[in-house]
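**Q** Below is the structure, and that's it, no one-letter string:
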C-alpha cells in the first residue's frame, strides 16, 4: 500500500472533487447494498465487491473521452457505475431480473453496455486482457483515435495470455491502457506468495511497454496517471501499463473466510488510506464544501442506491421463453 | 429508525449457520464495515460486517446458537436515543419476503415436438444450368475469402503464416498481395492470445477470420472460442454479438500422429452459440465459407488437409453462397441412408458406388453443417430407407453419429428396421506407423460392411 502523499496541492476544481466524491460514494454505497441483498438471499451465486478500490475506476474514467472503451474481470460493478451505466439496471442484473442489463441472464460477472462502451464483465481470469487488446485492434484498424482501458488484477497478471497479449500489443502498437488493479490478493493468495516480482508493471519492460506505479487510493493521482497513459496511446505510441496499488476491504467474494490476512491489516487501510475519506478531507480542508454539503451528497447517493435496490427487487424474473433467446444473432 | 440485522447468507449454498460469537454487545456503537459477529457456515467461519451505522439495541440470538436460518433477525440496530424494547421483531415477514421474491420455478416450457414429417429444404444451391469449372478446395477457400474481403472492409484474416509465407497450407496464397498487411495479419505463435484479440476485435465491430494452422492448436485457444465468442451474446442479453470465423485444417492428415490428427467436430458441436461447418466439396467449401463470414455468429469452419488438393466442379456464378444448416443429398437411394460430412463423405460415396454394384441403393447425405444440424433431412431420408449408417473420422464416445442416432431413435423409431450403426475412427490416439494409422482410420470397406449389416445382406 502506497502511503497517501499530501505534499502536493491538487490542481483540481471544487466541482471535479465533488464529482469524484459522489462517484466513489455511489460505488461504495451500491456495493454495501449489494452485500446486504446477498445476505438476504436476493442475489445468488458469486458476488465480488469493489469496496476500497473506488478511486481506480473513478480516476481513470476522469481521464477517458467519449467513445473510449473499457473491459474488466468479474469484479465489475464499480466499472459499470463509473462509466455511467444505470445503477438500477446493474442491481437488477444482480438479482437476476428482467430489468437487469443482461435481462437477468448474465449476473454479477457478465454485464455489458454497447452504449457506454463497456465490454464486460468476464468471468474467466485473464481472458479480458486479449479481448481488450482486440477492442484496441479494432480501433486502430478503423483509425478512430479511441483508447481501450483493459483492467485486470494482480492474480490475472500470472496468466500466460496476458504476456501473449503484451507481445502483440507492442508489435502492433495497439492503443490500449493495461490497468493492473493490484489489490494485493489473488483471491486468498498474497502477491508475495504468487508473483516473482514486487512491481508487476516491470514485466512490460520485457516487451518494450512503458508503465508506472500509481497510488490507487488517491483518485487525483490515478486521474493524472490515466491522462498520461491515454495521451501516450492516442499519440500512436502503443500500449501503456498502469499498475494501480489498491486494496479490497471485503472478501474475494461473499463466501470469503478472510483467514489469509489480519483484521488489523484491513482496519489500518480503512483508517489511513481510504480513497473516499481522502477526497472528503480535501473538500473540507480546502473549504470547497461544508459538512452539510457532503451530507446532502450522502443523502442523494443513498436515495439513488435505495431506488436501484427497489427496482431490483420489484423487477420481475425474466419470462421463461428468455431461456431460448439470444443464443444466435 | 431501528433496523433488524438478519442472519446473512455467506455463500451461494448457505441455508443456515451457527452464530459462533458476537464481537459487539448491546449498547455498542457500530459503523459500516465493523465486524459484528463470527458465523460458521458448512464451509468456514466467517466474519459478518455491519452495513449500517447505529447502536446495537438488542441481541436476539445468543452466541453459540446452531442452525440459525438465513434471514432470521439476530439483532436490532437503533439510532441514538431510541429504545430497542419498542421494536418488535418482524422476522417472519422479512424472511417471507426474501423467500417469495424469486418466483417459484414453474415447469419448463416443453421442447417443441418435432413434426411427424419434417420440412426439408431441398432447393438447389445454384442454378442447374450454371457453368462449372474444376477447382481445388484450396482455391475455393481462398476465393471465398478474397471475395468477402473485397466486398466488406471490416473482414480481415489473422493467423500464423497467413501473409508472407502465403499460408502454411497455401490457402491464403495471394491475399497479402491483394489486401496488404493491415488486413492479412501474420501473428506470433500464440493461439490463446491472438484468438482473444480477434474475438475482442469482433466485439469492437470487425469481422475476423482466424486461421488456425491446424485445429489441434486451437485447443490452446478453446477458452476464448467457447467462453468468450460463443457465450457473450447470451450473457449480454443479446447486446454483444461476435461475428467471427475460426477456420483451418481439422482431423487426420497423413503420418503426423496423435497430436496432429484429431477431429474436433463433436467437441464444437456441443456448444450453443457456435455454428460448426465441415465441408467436403470445393463448391460447398466456397459457398459455406462466404456464408460463414457474413454470419453474425461465431462459426467454427473445419477443413481437411487431404481435401485441400482435391478438385471438384464449382459453379461459376456471381456470389456463390450455401446456407448454413442445410444438408445436401449427394446421391438418392432407397435401401439405406448414409450420413457423413467432411472427408467422411469420400468413404460414404465410394461405398455407395460399390454397393450399387451389389444392387444396394444407398442415399448419401452430406451434413455440411454440424450445428445447427439439418436433422430433418436425415429423418426424412430414414423414413424412406428405414436404415441408417453414420460415418466420421472422430472418436466413438460422444461422436456426431451418436447424437444423430439418438435423434433418429427419438423421432423416427418406428421407421427403423435395424439398429443405427455409427462408424467412427478407432478409439485410440492416432499412431504414427503407416499400417497402424491405416487401421485407426475409417475405411470404405467398413462402410460397406455396416450397410450390409443394417440391410441384412
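**A** Received the coordinates, thanks. Because the structure is predicted, anything quoted here is derived from the model rather than measured.
**Q** Please identify which helix or strand holds the residue in chain A that chain B sits nearest to.
**A** Nearest residue of chain A to chain B: residue A:134, at 2.0 Å (CB to the nearest CB). Any C-beta I mention is one placed from the backbone N, CA and C, and that applies to glycine too. Per DSSP states H and E, residue A:134 falls inside helix A:128-142.
**Q** residues in contact with the very next helix or strand once past that helix?
**A** Using DSSP H and E, the helix or strand that follows helix A:128-142 in sequence is strand A:148-153. Strand A:148-153 has contacts (CB atoms under 8 Å, 6 or more residues apart in numbering or on different chains) with A:56-57, A:60, A:64, A:68-73, A:75, A:79, A:125-126, A:128-129, A:131-133, A:135-136, A:139, A:162, A:175-183, A:186.
**Q** Sort out which of the residues you listed are in helices and list them.
**A** Mapping the contacts of strand A:148-153 onto helices (DSSP state H) picks out A:56-57, A:60, A:79, A:128-129, A:131-133, A:135-136, A:139, A:162.
**Q** Now render these as CSV, adding neighbour count and distance to residue A:265.
**A** Below are these laid out as CSV (neighbours: other CB atoms under 10 Å in any protein chain shown; distance: CB to CB, whole Å):
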residue, neighbour count, distance to residue A:265
A:56, 30, 19
A:57, 31, 23
A:60, 31, 26
A:79, 29, 25
A:128, 30, 28
A:129, 31, 28
A:131, 33, 33
A:132, 35, 31
A:133, 31, 34
A:135, 34, 36
A:136, 31, 36
A:139, 25, 40
A:162, 24, 27
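**Q** My understanding was that the residue of chain A closest to chain B contacts residue B:205; is that so?
**A** No - with contact defined as CB atoms under 8 Å, residue A:134 does not reach residue B:205; the gap is 10.8 Å.
**Q** Between these two, which has more neighbouring residues?
**A** residue A:134 (35 against 15; other CB atoms under 10 Å in any protein chain shown).
**Q** re the thing from before, how about the residue of chain A closest to chain B, what does it touch?
**A** Taking CB under 8 Å, 6+ apart, one finds B:196, B:197, B:198, B:199, B:200, B:201, B:202, B:203, B:204 in contact with residue A:134.
**Q** Now the third one: closest residue in space that isn't a chain neighbour?
**A** Looking back up the chat, that one is residue B:198. Computed as CB to CB, 6 or more residues apart in numbering or on different chains, the closest residue to residue B:198 that is not its neighbour in sequence is residue B:208, at 4.2 Å.
**Q** before we move on, what SS does the one you found have?
**A** Three-state assignment for residue B:208 (DSSP: H, G, I helix; E, B strand; the rest coil): strand.
**Q** got it, and the one 5 residues further on?
**A** Classification of residue B:213 into helix, strand or coil gives coil, according to three-state DSSP.
**Q** gap between residue B:4 and residue B:300?
**A** Plainly put, residue B:4 is 53 Å away from residue B:300 if you go by CB to CB, to the nearest Å.
**Q** Please say which of the two ends up with more neighbours.
**A** residue B:300 (32 against 18).
**Q** Export the contacts of residue A:134 to CSV and append columns for secondary structure and neighbour count.
**A** CSV is the format used below for those (DSSP: H, G, I helix; E, B strand; the rest coil; neighbours: other CB atoms under 10 Å in any protein chain shown):
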residue, secondary structure, neighbour count
B:196, helix, 30
B:197, helix, 34
B:198, helix, 32
B:199, helix, 29
B:200, helix, 34
B:201, helix, 30
B:202, helix, 28
B:203, helix, 27
B:204, coil, 24
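**Q** Quick check: the farthest pair among those residues?
**A** The span of the contacts of residue A:134, defined through CB to CB, is set by B:196 and B:204 at 12.4 Å.
**Q** by how many degrees do the one helix or strand residue B:192 maps to and helix A:128-142 diverge?
**A** For residue B:192, the element it lies in under DSSP H and E is helix B:191-203. Orientation of helix B:191-203 against helix A:128-142 (axes from the mean of the first three to the mean of the last three CA atoms, to 10 degrees) gives an angle of 50 degrees.
**Q** Distance from stretch A:108-120 to the middle of the chain?
**A** Counting by CA atoms, centre = their mean, to the nearest Å, stretch A:108-120 is centred 12 Å from the centre of its parent chain.
**Q** Using the three-state scheme, assign residue B:325.
**A** Secondary structure, three-state DSSP: residue B:325 is coil.
**Q** From residue B:391, how far out is it?
**A** According to CB to CB, residue B:325 and residue B:391 sit 20 Å apart.
**Q** got it, and residue A:55?
**A** 62 Å.
**Q** Neighbours of residue B:395, how many?
**A** 16.
**Q** which residue packs closest to residue A:61, ignoring adjacent ones?
**A** Using CB to CB, 6+ apart, the closest residue to residue A:61 is residue A:82 (4.5 Å).
**Q** so who does the nearest residue to residue B:21 once chain neighbours are set aside touch?
**A** Nearest non-adjacent residue to residue B:21, counting by CB to CB, 6+ apart: residue B:38, 4.4 Å away. By CB under 8 Å, 6+ apart, the contact set of residue B:38 is B:20, B:21, B:23, B:45, B:46, B:47, B:48.
**Q** circling back to that earlier point, with distance to residue A:43 and pLDDT as extra columns, can I get the contacts of residue A:134 in CSV?
**A** Converted to CSV, the contacts of residue A:134 look like this (distance: CB to CB, whole Å; pLDDT from 0 to 100):
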residue, distance to residue A:43, pLDDT
B:196, 29, 98
B:197, 33, 98
B:198, 34, 98
B:199, 29, 98
B:200, 29, 98
B:201, 33, 98
B:202, 31, 98
B:203, 26, 98
B:204, 31, 97
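**Q** Just give me the closest of those to residue B:70.
**A** Distance to residue B:70 across the contacts of residue A:134 (CB to CB) is lowest for residue B:203, with 38.1 Å.
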